[in-house]
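quick one, structure for this:
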Amino acid sequence: MDDAPHSRGGSHPDPTVRDRVLAAFLDEITDRGLGNVSMDAIAKAARVSKATMYRRWPSKRDLILDAYAMESAPITDLPEDLTLRKFVDLVFTSIDDPQARRRNRQLLAELIAAVGHDDVAREMAQRRHYFWRRVLIDLITQAQEAGEVPPGRDPEVTAETIAAVTTVRHLYAEQYDGTAELVWQLLTAPDPLDRRE
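The predicted structure follows:
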């Protein structure tokens, strides 16, 4: 296996190992489902030694967390001209491939399942949530100033609602088709709680 010399020497680890292993892991869970994937099969598909696999990822839980971190890393270079509408379109049209949707759904489900008993998973989920919540609140506020979103709507409550809808659609919907429009309607519809004349 092509990483064996590096794994023994340790001074020059192969920088492609992580990408290869995580790509193999994601392919395996897409094809077979998480319950049918073995660490040995992932090592073989990634062309790495089992020693390397277990040293870097002692369990499937570690692979799940690393894969989720890689797949959903925050976009730190958001465009300067990002608007709420562009953001909604970006989020819901970025995953067009049905296999990628299925894979991401499995990763999200595993992360949610781990949150109740795994401090690392909980911290990762919270960090992701608060990052995107802050982005969404800022964009909702800007959209209110531009007249796109009703002015009486609470940006924090709206951001939490959109996050909940997004998670549910991500977990249970076979397709994202129509989700961007649904979210946009939720954002821009008249606020039924706004009693101002």
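
which helices and strands sit right next to the strand or helix carrying residue 101?
Here residue 101 sits within helix 98-115, counting by DSSP states H and E. Applying 3 or more Cβ pairs under 8 Å, 6 or more residues apart in numbering; DSSP states H and E, we find helix 98-115 packed against helix 17-32, helix 60-71, helix 119-145, helix 155-172. Any C-beta I mention is one placed from the backbone N, CA and C, and that applies to glycine too.

in the second one, what counts as buried?
The reference is to helix 60-71. For helix 60-71, a neighbour-count test (16 or more other Cβ atoms under 10 Å) marks 60, 63-69 as buried.

pull the most distant pair out of those.
Greatest spacing in these, by Cβ to Cβ: 60 and 69 (14.7 Å).

so the helix holding residue 101 versus helix 60-71, what angle?
Here helix 98-115 runs at an angle of 120 degrees relative to helix 60-71 (axes from the mean of the first three to the mean of the last three Cα atoms, to 10 degrees).

against residue 185, how distant is residue 159?
Distance of residue 159 to residue 185, computed by Cβ to Cβ, to the nearest Å: 16 Å.

of those two, who's got more company?
Shown here are residue 159 and residue 185; by other Cβ atoms under 10 Å, residue 159 has more neighbours (21 against 9).

which residue, other than its chain neighbours, is closest to the more buried one?
Of all residues not flanking residue 159 in the chain, residue 136 sits nearest, at 4.2 Å (Cβ to Cβ, 6 or more residues apart in numbering).

show me the domain layout of the protein.
The chain breaks down into these structural domains: 4-68, 74-188 (assignment by automatic domain parsing).

pLDDT averaged over the last one - what is it?
In this model, domain 74-188 carries a mean pLDDT of 81.

how far does it sit from its chain's centre?
Here the centre of mass of C-alpha atoms in domain 74-188, compared against the chain's by Cα atoms, centre = their mean, to the nearest Å, lies 9 Å away.

same question for the first one.
Distance of domain 4-68 from the chain centroid (Cα atoms, centre = their mean) equals 20 Å.

doesn't residue 43 make contact with residue 49?
Yes: proximity of residue 49 to residue 43 meets the contact threshold set by Cβ atoms under 8 Å, at 6.7 Å.

list the residues that contact the spatially closest residue to residue 107 that is not a sequence neighbour.
Nearest residue to residue 107, sequence neighbours excluded (Cβ to Cβ, 6+ apart): residue 68, at 4.8 Å. Contacts for residue 68 (Cβ atoms under 8 Å, 6 or more residues apart in numbering) come out as 107-108, 110-111, 124.
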